[in-house]
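K.L.:
This is the structure alone, sequence omitted:
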């Protein structure tokens, strides 16, 4: 059956990789006669792909931009290495021991430093190899077949938001021009609004209405009777206080900042790691988001509602039975402690705005996340083998006698050709009015038999995920166009385009076409294959490194456009471009001066013909070459920034592009991997960096 076929499917690249390292591993074991860790049996992925009980990708907490910024800093700025803590269980002792080494060179070093004395070099290498061997190359191990995600899991639980501290007496709140002292619960919620006073959210009617409704729930009966109109509330004093606090933080001394950094690092070391199967793994989001006001994306109908404080009694803990269980804060208890090794989350709770479950998960660089990524791209590679058959089938279905089959076939054509998302069913009024392929309405498309010298043009205009507008005009095949005309007959603008189709029907059909196939697999496949094709077309071995990177970014941009990954131009864009242009102008002046000096040196050498003048010519020539390279690099940078000012390259790079394509391209063209992936991304894709050779084909 299909499940058995899926179990039989193995990753050919992983087999090849393991073969490549087999002899090396034997040699290491002979030389060192030491081994630690476990042996995994082959992993087979048995979960249903489109019915997922766990958060997808990095489905973390929704938070304010400031919170996201802090989280990113936590991930990117702390550049220390953590030595895995060894935790032995009975199972470990019985299992065959194995040595794990990590031999990659220090990727942070871009400059080639002068060679030191041999003695020093050996000492350095010894330290480095000791550090490197503790990095876990999980992708070289065989993987579990029973569906379990781990055998041992121990962690300290989440870090809760600090309790509310009442405002100083000097900070005043006025209602209808009169001073009013708020009780702590109402005051805390008022501060959330006060902090956002300069933001456009607080001018939106929906936001203000939802905030005021939830704020009143936190008031005392006396406060409720007095405060009846949000427009009469004066939060200016609170707003000024928080601005002053923010400015004071910026003016902190180095010592104060260092103390905060040390405190954060101490918390990270205690709560930011777990022990999973004898390895120390980084946790992604171990801090519970503090209470605040919900913003949502786009014109979300629930914006302004109060995100309540999460307490230990809301938290479900997941860990091993035989581990040291996390202790709740004194005087509290957990909602539940589970021991479910079929899931990968460490803690979960239900948030109050939309009733969705939030999770504490491992960091993207962890084995769990890496295996999920690997599986995702291998599924997309399987689609490559049968995509022609699937395309032929949906083309045949355009002629079906059944309307439901025709609608399904046209929708699948759009998902394949335009990389549209499927579009899940939603309760009306619960979320922003965003749609995907299956939920398109008549008002979202226009048909043009002929437009701008092109026949059978379809114009799409709708809000997609995260309320990002999708606008596209594209010529389609004649039969698709005729079917769309048929689907639109006798319908109103608000009616469904595909009235006989929903995501459940589509997903069931996709599963019949290929085990594990979803609309997202189509997006991943089309994104990755587009990158590979674009890199082949755009890359030239004779180009300089900056020119090659520009080609890479252009290939990445083609994918981002396909997936509709847009962004607003950064606020500082114009200023940064002006600064860059100033640098270019300055460099051009330097080049002009250097060329004049070279010309003068040549004239002097022509007159004297001595060695001194000859050396001077060489020095000046090298100076000209160096400045020309610097100028070209700046010009390429300017082109790159201008082309990508409204395109978000990062989303596709992290979620839809098989990293092995980029790694293979880097190895083939001699591009340092750190030019494509930053430190955090290199940790996330360590498996691909180690595995992919320059001849890898998606």
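P.N.:
Arrived safely, thanks for sending. All values derive from a computational prediction rather than experimental measurement.

K.L.:
which parts of stretch 331-338 are buried?
P.N.:
Going by neighbour count (16 or more other Cβ atoms under 10 Å), the buried part of stretch 331-338 is 334, 335, 337. The C-beta positions use only the backbone N, C-alpha and C, and glycine is treated the same way.

K.L.:
Switch these over to JSON lines; also include distance to residue 590 and secondary structure.
P.N.:
Converted to JSON lines, the buried residues of stretch 331-338 look like this (distance: Cβ to Cβ, whole Å; DSSP: H, G, I helix; E, B strand; the rest coil):
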{"residue": "334", "distance to residue 590": "65", "secondary structure": "coil"}
{"residue": "335", "distance to residue 590": "66", "secondary structure": "coil"}
{"residue": "337", "distance to residue 590": "66", "secondary structure": "strand"}
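
K.L.:
sec struct for residue 470, please.
P.N.:
strand (DSSP: H, G, I helix; E, B strand; the rest coil).

K.L.:
That one contacts residue 462, doesn't it?
P.N.:
Yes. Counting by Cβ atoms under 8 Å, residue 470 does reach residue 462; the two are 5.6 Å apart.

K.L.:
Any stretches of this structure with poor pLDDT?
P.N.:
1-134, 424-432, 566-568, 644, 646 (pLDDT under 70).

K.L.:
Swap in 80 and give it another go.
P.N.:
In the predicted model, the chain carries pLDDT under 80 at residues 1-135, 142-145, 298, 424-433, 466, 564-574, 636-637, 639-650.

K.L.:
and it, what are its domains?
P.N.:
2-58+97-148, 399-517, 527-691 (automatic domain parsing).

K.L.:
Strands of the stretch 301-450 of the chain, start to end?
P.N.:
All strands of the stretch 301-450 of the chain, identified by DSSP state E, counting those that start in this stretch, fall at 306-307, 316-318, 336-338, 347-350, 357-360, 445-451.

K.L.:
Residues contacting the longest one, please?
P.N.:
This points to strand 445-451. 455-461, 473, 481, 484-485, 488, 497 (Cβ atoms under 8 Å, 6 or more residues apart in numbering).

K.L.:
Counting neighbours, which of the residues you listed comes out on top?
P.N.:
residue 497 (22 neighbours; other Cβ atoms under 10 Å).

K.L.:
For that one, list the residues it contacts.
P.N.:
440, 441, 442, 444, 445, 484, 487, 488, 491.

K.L.:
Repeat the analysis, applying 10 Å as the threshold.
P.N.:
Neighbour list for residue 497: 407, 410-411, 435, 437-445, 484, 487-488, 491 [criterion: Cβ atoms under 10 Å, 6 or more residues apart in numbering].

K.L.:
longest helix of this protein?
P.N.:
helix 573-608 (DSSP state H).

K.L.:
Give me the buried stretch members for that helix, please.
P.N.:
580, 584, 587, 590, 591, 594, 598, 601, 604, 605.

K.L.:
what about the residue lying closest to the second one once chain neighbours are set aside, which SS state?
P.N.:
Nearest residue to residue 584 in three dimensions, chain neighbours excluded: residue 634, at 5.0 Å (Cβ to Cβ, 6 or more residues apart in numbering). The three-state assignment at residue 634 reads helix, by three-state DSSP.

K.L.:
follow-up on the earlier one: and the strands of the stretch 301-450 of the chain: which comes nearest residue 609?
P.N.:
strand 445-451 (71.0 Å; Cβ to Cβ).

K.L.:
So which residues of the stretch 251-400 of the chain form helices?
P.N.:
254-271, 367-397 (DSSP state H, counting those that start in this stretch).

K.L.:
re earlier: name the member of the buried residues of helix 573-608 with the shortest distance to residue 316.
P.N.:
residue 580 (50.3 Å).

K.L.:
do you know how far the closest one is from residue 400?
P.N.:
From residue 580 across to residue 400, the span is 56 Å (Cβ to Cβ, to the nearest Å).

K.L.:
which residues in the stretch 451-600 of the chain form strands?
P.N.:
Under DSSP E, counting those that start in this stretch, the stretch 451-600 of the chain gives strands at 454-463, 469-475.

K.L.:
which neighbours does the longest one have in its sheet, and in what orientation?
P.N.:
Read that as strand 454-463. strand 445-451 (antiparallel), strand 469-475 (antiparallel) (DSSP bridges).

K.L.:
Let me know which of those strands is the nearest to residue 677.
P.N.:
Using Cβ to Cβ, the nearest of those to residue 677 is strand 469-475, at 28.2 Å.

K.L.:
Not counting the closest one itself, show me its contacts.
P.N.:
In contact with strand 469-475 (Cβ under 10 Å, 6+ apart) are residues 298, 414, 417-418, 420-421, 434-436, 444, 446, 448, 450-452, 454-464, 481, 561, 564, 566.

K.L.:
which residues sit in contact with the closest residue to residue 410 other than its chain neighbours?
P.N.:
Nearest non-adjacent residue to residue 410, counting by Cβ to Cβ, 6+ apart: residue 483, 5.3 Å away. Residue 483 makes contact with 397, 398, 399, 400, 403, 406, 407, 409, 410, 413, 476, 477, according to Cβ under 10 Å, 6+ apart.

K.L.:
Can you tell me how far the first one is from residue 626?
P.N.:
Look at residue 397 and residue 626: by Cβ to Cβ, they are 61 Å apart.
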